[in-house]
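In: Predicted model follows, preceded by the sequence.
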Amino acid sequence: IYILGIESSCDDTSAAVIHNGKVLSNVVANQEVHAKYGGVVPELASRAHQQHIVPVVQQAIAQAGITKSDLRGIAFTRGPGLMGSLLVGTSFAKSLALGLNIPLLDVNHMQGHVLAHFIEEEGSKIPPFPFICLTISGGHTQIVKISNHFEMEVLGETIDDAVGEAFDKSAKILGLPYPGGPLIDKYAKEGNPKAFAFTQPKVGDLEFSFSGLKTQILYFVQKNVKENPNFIEENLVDICASIQHTIVEILMKKLKNTVKQTGIKHIAIAGGVSANSEIRKRLQLAEKHWGWTTYIPKFQYTTDNAAMIAIVGYLKYLNNDFADFSVSAKARLKVTE
Ligand code: ATP
Ligand code: FE
């Protein structure tokens, strides 16, 4: 069964073809227009999706070595995301499905991040139910218990900023371009994680809060720059390593709390921040030290991509869970919806 997946929730236009559980193509067109604004500009994102969607879909189908008539379903991201961006993918998916006379499959983007773990690939480990997934992305930070492909429960989440925002906003304070998360990761490799200490937020055992950390970092940088205008340049790698260390410590602590509360030791991570080298390393160590079995997605399935949308579409297809053509994009959508 060939399924085409389309992802357009934020600033990446992506299309993928999967054959049963295997990915045949996964094309991602990044939008560079946003870098100079220090964040995603919704109107520009929507326009860029309109420009990219046809060539990206064509490329995904060509790379898969199939033709449109081989497709058995069209999966698309219904939400959550930017309305103007979601509309492009939604309308395109509907027209294509209608034109080909095949089923339409609506996909929840956050379920996509989690269920990317069900892509069958060499070297990939598929988690057994129930398992815990720490979803860490640009807009979400949540601990989800997955009892079945479509039976999920949020055990805890952030009460303010998402962890990706914490990375990106910290990077912005340091004068790094958007998105700064990968850059902090890169500089942190050369730095001392204990060089500077930041305090951790006091919230519930399974809750997160990152807005206080951001303010702390802002004051810390402002104060030091006042004393030494070259403070950032001279200490960049140490600052990055310290910020990253603080964030990863928080994430690991919350996972430990979750294992203690639920007794579940199958632990997955998902979302853009799961590309972070430190969290990946720490999770691997947890296998050795605490007896967890951990599931770390391949890099190409961490940040937004259509393969994760296609796999959810495929799972829904097997369930005969098709979308009605009256389905509409939804900017706010819970992972459990
Ligand atoms: P959501 O999925 O919540 O709607 P999103 O789709 O915008 O949000 P993703 O594409 O999943 O988010 O993730 C993007 C985020 O991941 C950005 O904040 C980016 O900085 C962060 N990120 C990517 N790579 C790394 C890395 N190596 N280290 C830290 N953060 C990273
Ligand atoms: Fe995402």
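Out: Everything's here; your move. Ligands and ions are numbered 1, 2, ... in the order given.
In: in the stretch 1-150 of the chain, which spans are strands?
Out: With DSSP state E, counting those that start in this stretch, the ranges of strands along the stretch 1-150 of the chain come out as 2-7, 12-19, 22-30, 71-79, 104-108, 131-136, 141-148.
In: List the strands paired with the fourth one, with their directions.
Out: According to DSSP bridges, strand 71-79 has the following sheet partners: strand 2-7 (parallel), strand 104-108 (parallel).
In: quick one: is stretch 19-30 near ligand 2?
Out: No. Figure legend: stretch 19-30 not in contact with ligand 2 (C-beta under 5 Å from the ion); closest approach 11.9 Å. Heads up, the C-betas are built off the backbone N, CA and C, glycines and all.
In: so who does residue 239 touch?
Out: Counting by C-beta atoms under 8 Å, 6 or more residues apart in numbering, residue 239 makes contact with 174, 191, 195-196, 221, 232.
In: Which of those residues fall in helices?
Out: Judged by DSSP state H, the contacts of residue 239 include 221, 232 as members of helices.
In: Just the buried residues of the contacts of residue 239.
Out: Among these, those buried by neighbour count (16 or more other C-beta atoms under 10 Å) are 174, 191, 196, 221, 232.
In: how many neighbours does whichever residue of the stretch 201-337 of the chain sits closest to ligand 1 have?
Out: Relative to ligand 1, the nearest point of the stretch 201-337 of the chain is residue 272 (1.8 Å; C-beta to the nearest ligand atom). Neighbourhood size, residue 272 [other C-beta atoms under 10 Å]: 25.
In: Distance-wise, check it relative to residue 304.
Out: According to C-beta to C-beta, to the nearest Å, residue 272 and residue 304 sit 7 Å apart.
In: Next, the residue lying farthest from the centre of the chain: phi, psi?
Out: Most distant residue from the mean C-alpha position of the chain: residue 227, 38.0 Å away (C-alpha atoms, centre = their mean). Per-residue torsions, residue 227: phi -80, psi -30 (degrees, to the nearest 10).
In: Quick one: mean pLDDT over stretch 76-93.
Out: The pLDDT scores in stretch 76-93 average 98.
In: which non-adjacent residue is nearest the residue of the stretch 201-337 of the chain closest to ligand 1?
Out: residue 303 (4.2 Å; C-beta to C-beta, 6 or more residues apart in numbering).
In: what's the farthest-apart pair in the contacts of residue 239?
Out: Farthest apart among the contacts of residue 239 by C-beta to C-beta are 191 and 221. That separation is 14.9 Å.
In: Next up, the contacts around residue 178.
Out: When the contact criterion is C-beta under 8 Å, 6+ apart, the partners of residue 178 are 34-35, 37-40, 168, 171-172.
In: For it, give its distance to residue 157.
Out: For residue 178, the distance to residue 157 equals 24 Å [C-beta to C-beta].
In: Next: residue 30.
Out: To residue 157, residue 30 is 27 Å away according to C-beta to C-beta.
In: Can you tell me which residue of the stretch 101-250 of the chain sits closest to ligand 2?
Out: Per C-beta to the ion, residue 137 is where the stretch 101-250 of the chain lies closest to ligand 2, at 4.6 Å.
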